[in-house]
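In: Take this sequence and fold it.
(chains A and B)
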Amino acid sequence: MLRLQDFLHVITPSGWQLVPEWCDFYFQLGAILAEQNNSATRTVVGLAVPTRAYAAPFAALGVVCVRAKVPLVHESDEECFAKLSRLPVGERLIYIFNGHRLKAVYEGLDDSDGDKKLRVRVEDKKSGGLTYFIHAEDAKSLEISERETGELPATQRGRPLLKNQSFVEKFLPEIDLNNFAGRSRLECAILGRLNVLRDEVVDTKISLKTVVGKRVVHVAGALQDVLRTSRFGSTTNAVRSIVMRPDGKGHARGLGLPQVCIFDGAESYLKSRSSWTRSASLVILDATETGFQSGVEALNQEYTTSRLSDLPPMLPAPPAGVELVAYQVRVI
Amino acid sequence: MNQMTFHEADALYTLAARPVVRRHYVTHGGCKTFSLALSKFEKGLGDLAQDESWRNLLYVLKNYRFEISAAPITFNSPSLHRFSPEQIQSRFTQCRLSYPQFSQPLDALKKIFDQLRAAKENPLANCIAKLVDKGRRVGIVVKESRLIEPTEKELSTIGGKIEVLVPTQLRSVKCYDRIIVVGPARWFSRPDHIFRSPRAPVIDLVMYRWIADDWQLGPAFIGAGSPGPKTVDEESSVSEAPETAEETVLAQEAIPQAEWAHLLKPFRHLTADPSQDNVQARLLLLEGGSAVFLEAQDDATSIVIDLEADEGGTVRRLPVSEMKPGMFLLLRTVGGGDLIVPVADKILGGQATTLRSLQAEWKSKLREAVGALKYLDVSIRLLDLGSERANETNLRNWMAPRSIKTQDPKDFLALMKFAGLAASYEKYWNAMSVIDGAHRRAGATIRRMLLRQVLNTDLKTLVRSGTMTFELNEAGGGSLTAYRITDIAPELAVVPVSKIARALSQDGDQWQE
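Out: Numbering: from 1, shown residues only, chains lettered A, B, ... in the order given. Alright, predicted model coming up:
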């Protein structure tokens, strides 16, 4: 497994610096939780940390990176085509065309010439109503949109699949980016303070070093480029993670269940833990928050009453000053 | 919650990795003699220590002992004289007259106390002075906000970059080269963030040797797979053997504790009976020694300033059951009671009087109808009349003066039928809906006004001082004071509704505004 502190940089007052080890700890932890796949049990990891800052985004990064290698669509082209053809006319879609995501509307099945095609309109009828006919072999370029509403634009070029392509290409070198950025799949949910998380996920600059000609340059990006959170990105972007308030409000249910749920702070865990009992849980408790002791007590309570087993020692060793507990509970 | 740069977060991880906690023991004969004598005397009193005259005297003596141990203040400093010599003398006299059998040990204790109070010595400050390196950023942590000012005054001659703080301020991102904590570690163990997430590489505990302090930071989790923070590594600046148990006072004994049973004593005889305007309430202790009762019914809320919330949620209504020590509770300090009612009345305008009399009318009729009947019997009757949520607790809430209407019209209709007001059901329901709407709008108005003020205020002052007053010039004016919640009673109490949401102080056995 790659170690973040060997290649990922972050901006500091003295310029670009390799991220410290503690970032890699959260990254590795997220990666391991993302691989826990058991329908009967789920993993709970609790952390008591000196500060919650940046812990959740780096753990989410580990989740998304590992899950990016898992194929998105298991169904065949024909199965995908058949599923889409059963949609009601007017259903909102995203059409991935030429490296761009286009807002679209399903207009029904066309078999006028004996050749079945999906009619997909991408522009407003008043401006001509540009419509594409999609054959079964291209059916996977269509995705049902949970978030789009309203009229289609008069014209649209679509949004590029990747806002920051060079960074993502370098960060996920072995991943099919059309798949990664073209279709949504919820991998990770973070419940926490939105303004703080926005700052960390969107506004904190990270980079990868590369050589262009004879020059060493930093290809800059943000955690959002990989996390692809719905809240901090465009509504047409394919989603890989979601960020919610501590009470869990605002979750787009249509995205399904995440592999890992990160409770960023005691309030999130105390308010929402009962709603996320099918995903692996990472509970980050900041020693300086007022709810720290209540969060610890709740986690200890679950450990005492619901733990099926302790987790084998496969988790990364926490950095000094961070305390970790890990166990498995039954999926409810 | 603080927004933190990556650089700041990294600094905190570095500090958490290898903090060193050292205890520095300070000795002073007179101080030790007084402290041990006080403990011995109190134990000798046994159950009599609960008597009011002894309580009043012990309160003065124990507070003095706490303050000289919790802050580097000269023993004869005027800032330690919250009570005049005459008041103290009168408390001694009262005890001597009431309990002549204790005259001899009491006089001995008074002599030791008077000698100490006359001493112009400050051993804690002397120890701190040796630890302060000039040019280094040093945070001096005292247990309570009221101790900041006298500490600053006493240490002003030391020089250096000294900042006197309370533990809450060490939740911020600001870090120091050294933190000097005044008092034993146990006083700072709940919450324990100053050790678990240290803001300096070195934490020095400066404490008297007569205080027994065996507290060490342990793992937070029962099943912790890692050893946890290394703040348990301790160094002691002295090599002497520790004091024997007879020569020490436990750290937890040397700090005044909330004596809930005593605090709630004035209301012990009351029962939860809305017809008598008594309600179930929770007692919260506030910064500065005052206290407040808040209604404890399930949906009862109050306005708080939550510095950890997102910007928009800094000022919000929070269920009383979710309040925690460290949050700031807002109470109306000019005008009295809850601000919601007067602001709602202003929103209601000319209709307010009529609507409020309708509210009082149906409450009064309902109470009359309930009379001496058992709540259980009334609840069954209400269910028969079509109510869906009638039970003893809900009935109590519906009868309470502050409740406006039921959530479900079916429950309200049942109440109207029971109170003999079925014919006017719609009139009352509509009127109460208007009041209810006005209360909601009032809550939003107050939150907006406060948010504006809070966002324009330097909240560091609030964190430091533990209280802050906000003047509201709109919506009827008045002022609200934010108090830091310092403790919350574990048990509920029954108190008169007139005591709800008012900052109270206890004088002897009475609670006063």
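In: Would you quantify the distance from the closest residue to B:P184 other than its chain neighbours to chain A?
Out: The shortest distance from B:P184 to any non-neighbouring residue, by Cβ to Cβ, 6 or more residues apart in numbering or on different chains, is to B:D213 (3.4 Å). Where C-beta positions appear, they are placed from N, C-alpha and C, glycine not excepted. Distance, B:D213 to chain A, by Cβ to the nearest Cβ, to the nearest Å: 20 Å.
In: May I have the residues that are in contact with B:D213?
Out: Contacts for B:D213 (Cβ atoms under 8 Å, 6 or more residues apart in numbering or on different chains) come out as B:23, B:184-186, B:205, B:207, B:251.
In: A:F81 now?
Out: Each residue near A:F81 by Cβ under 8 Å, 6+ apart is listed here: A:116, A:118, A:135-136, A:139.
In: Which one of those residues sits in the busiest neighbourhood?
Out: Counting neighbours by other Cβ atoms under 10 Å in any protein chain shown, A:L118 comes out on top of those with 24 neighbours.
In: In terms of helix, strand or coil, where does that one fall?
Out: Classification of A:L118 using DSSP: H, G, I helix; E, B strand; the rest coil returns strand.
In: Tell me the secondary structure at the nearest residue to B:A49 once chain neighbours are set aside.
Out: What sits nearest to B:A49 in space, not counting adjacent residues and going by Cβ to Cβ, 6+ apart, is B:E42, at 5.5 Å. Look at B:E42: counting by three-state DSSP, its state is helix.
In: ok, now the one 5 residues further on?
Out: Following three-state DSSP, the label given to B:D47 is helix.
In: neighbours around it, how many?
Out: The local packing of B:D47 (other Cβ under 10 Å) involves 6 other residues.
In: Read off the pLDDT value for it.
Out: Note on B:D47: pLDDT of 92.
In: ok, now B:Q87?
Out: B:Q87 carries a pLDDT value of 88.
In: State the helix or strand in which it lies.
Out: Element membership of B:Q87, judged by DSSP states H and E, is helix B:85-98.
In: residue ranges with poor pLDDT in the chain?
Out: Using chain A here. Chain A contains residues with pLDDT under 70 at A:1, A:73-74, A:147-148, A:235-236, A:250-254, A:312-313.
In: right idea, wrong chain: chain B
Out: Low-confidence segments of chain B, defined by pLDDT under 70: B:1-2, B:225-246, B:271-277, B:298, B:311-313, B:334-338, B:473-478, B:506-513.
In: Tell me, domain by domain, which residues of it belong where.
Out: For chain B, automatic domain parsing gives the domain ranges B:6-27+B:122-250, B:29-121, B:261-344+B:440-512, B:349-437.
In: now the end-to-end length of the shortest one.
Out: Domain B:349-437 stretches 13 Å from its first residue to its last (Cα to Cα, to the nearest Å).
In: what does stretch B:18-30 give?
Out: Using Cα to Cα, the end-to-end distance of stretch B:18-30 comes to 37 Å.
In: quick check, distance from it to the centre of its chain.
Out: Centroid separation between stretch B:18-30 and its chain, computed with Cα atoms, centre = their mean, to the nearest Å, is 28 Å.
In: how about it: buried residues?
Out: By 16 or more other Cβ atoms under 10 Å in any protein chain shown, the buried positions in stretch B:18-30 come out as B:19-21, B:23-26, B:28, B:30.
In: can you check stretch A:324-332 too?
Out: A:324-329.
In: List the contacts of the residue nearest to A:E137 when sequence neighbours are not counted.
Out: Nearest residue to A:E137 in three dimensions, chain neighbours excluded: A:D77, at 5.3 Å (Cβ to Cβ, 6+ apart). Residues near A:D77 by Cβ under 8 Å, 6+ apart: A:136-137, A:139-140.
In: For whatever residue of chain B ends up closest to chain A, grab the count of nearby residues.
Out: Distances between chain B and chain A by Cβ to the nearest Cβ are smallest at B:A16, namely 2.8 Å. When counting by other Cβ under 10 Å, one arrives at 25 neighbours for B:A16.
In: My understanding was that it contacts A:V322; is that so?
Out: Yes. B:A16 is in contact with A:V322 according to Cβ atoms under 8 Å; the separation is 7.5 Å.
In: Overlap of the contact sets of these two?
Out: Shared contacts of B:A16 and A:V322, defined by Cβ under 8 Å, 6+ apart, comprise A:P50.
In: domains of chain A?
Out: Chain A breaks down by automatic domain parsing into domains covering A:4-72+A:185-330, A:77-160.
In: Please convert those domains to JSON lines, extending it with distance to B:V138.
Out: Formatted as JSON lines, the domains of chain A follow (distance: least, Cβ to Cβ, whole Å):
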{"stretch": "domain A:4-72+A:185-330", "distance to B:V138": "20"}
{"stretch": "domain A:77-160", "distance to B:V138": "53"}
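In: Which stretch among those domains is buried most, on average?
Out: Neighbour counts (mean count of other Cβ atoms under 10 Å in any protein chain shown) averaged over each of the domains of chain A peak at domain A:4-72+A:185-330, with a mean of 20.
In: Now do that one: distance from first to last residue.
Out: Start-to-end span of domain A:4-72+A:185-330 (Cα to Cα) is 32 Å.
In: Please apply the same query to stretch A:172-187.
Out: By Cα to Cα, the extent of stretch A:172-187 from end to end equals 16 Å.
In: Show me what counts as buried in it.
Out: Quick answer for stretch A:172-187 (16+ other Cβ under 10 Å): A:172, A:175, A:177, A:179-187.
In: Look at the residue of the stretch 201-332 of chain A found nearest chain B and give its secondary structure.
Out: For the stretch 201-332 of chain A, the residue closest to chain B is A:G321, as judged by Cβ to the nearest Cβ, at 2.8 Å. Secondary structure state of A:G321, per three-state DSSP, is coil.
In: which one is it nearest to, not counting chain neighbours?
Out: Nearest residue to A:G321, sequence neighbours excluded (Cβ to Cβ, 6+ apart): B:A16, at 2.8 Å.
In: Now do the phi/psi pair for the one you found.
Out: Torsion angles at B:A16 (phi, psi; degrees, to the nearest 10) stand at phi -70, psi -20.
In: show me what contacts it?
Out: A:50, A:320-322, B:196-198, B:229.
In: which residues of the stretch 251-400 of chain B fall in strands?
Out: B:278-286, B:291-295, B:301-305, B:315-319, B:328-334 (DSSP state E, counting those that start in this stretch).
In: packing partners for the second one?
Out: Helices and strands in packing contact with strand B:291-295 are listed as strand B:278-286, strand B:328-334, strand B:479-496; criterion 3 or more Cβ pairs under 8 Å, 6 or more residues apart in numbering or on different chains; DSSP states H and E.
In: Could you do the longest one as well?
Out: Contact analysis of strand B:278-286 by 3+ Cβ pairs under 8 Å, 6+ apart lists strand B:291-295, strand B:479-496 as its packing neighbours.
In: List the strands paired with it, with their directions.
Out: As defined by DSSP bridges, the strand partners of strand B:278-286 come to strand B:291-295 (antiparallel), strand B:479-496 (antiparallel).
In: again, but for the last one
Out: Strand B:328-334 has these partner strands in its sheet, going by DSSP bridges: strand B:301-305 (antiparallel), strand B:479-496 (antiparallel).
In: among these, which is the most enclosed?
Out: Most buried among the strands paired with strand B:328-334, counting by mean count of other Cβ under 10 Å: strand B:301-305, with a mean of 21.
In: to the chain's geometric centre, what's the distance from that strand?
Out: Distance of strand B:301-305 from the chain centroid (Cα atoms, centre = their mean) equals 14 Å.
In: which other residues reach it?
Out: Applying Cβ under 8 Å, 6+ apart, the external contacts of strand B:301-305 come out as B:294, B:314-320, B:323, B:327-330, B:443, B:446-447, B:450, B:454, B:459, B:462, B:480, B:482, B:501.
In: chain center to stretch B:173-184: distance?
Out: The chain centroid and the centroid of stretch B:173-184 are separated by 23 Å under Cα atoms, centre = their mean.
In: Tell me the buried residues in that stretch?
Out: Neighbour-count burial for stretch B:173-184, counted by 16+ other Cβ under 10 Å, picks out B:173, B:175-176, B:178-184.
In: All set, thanks.
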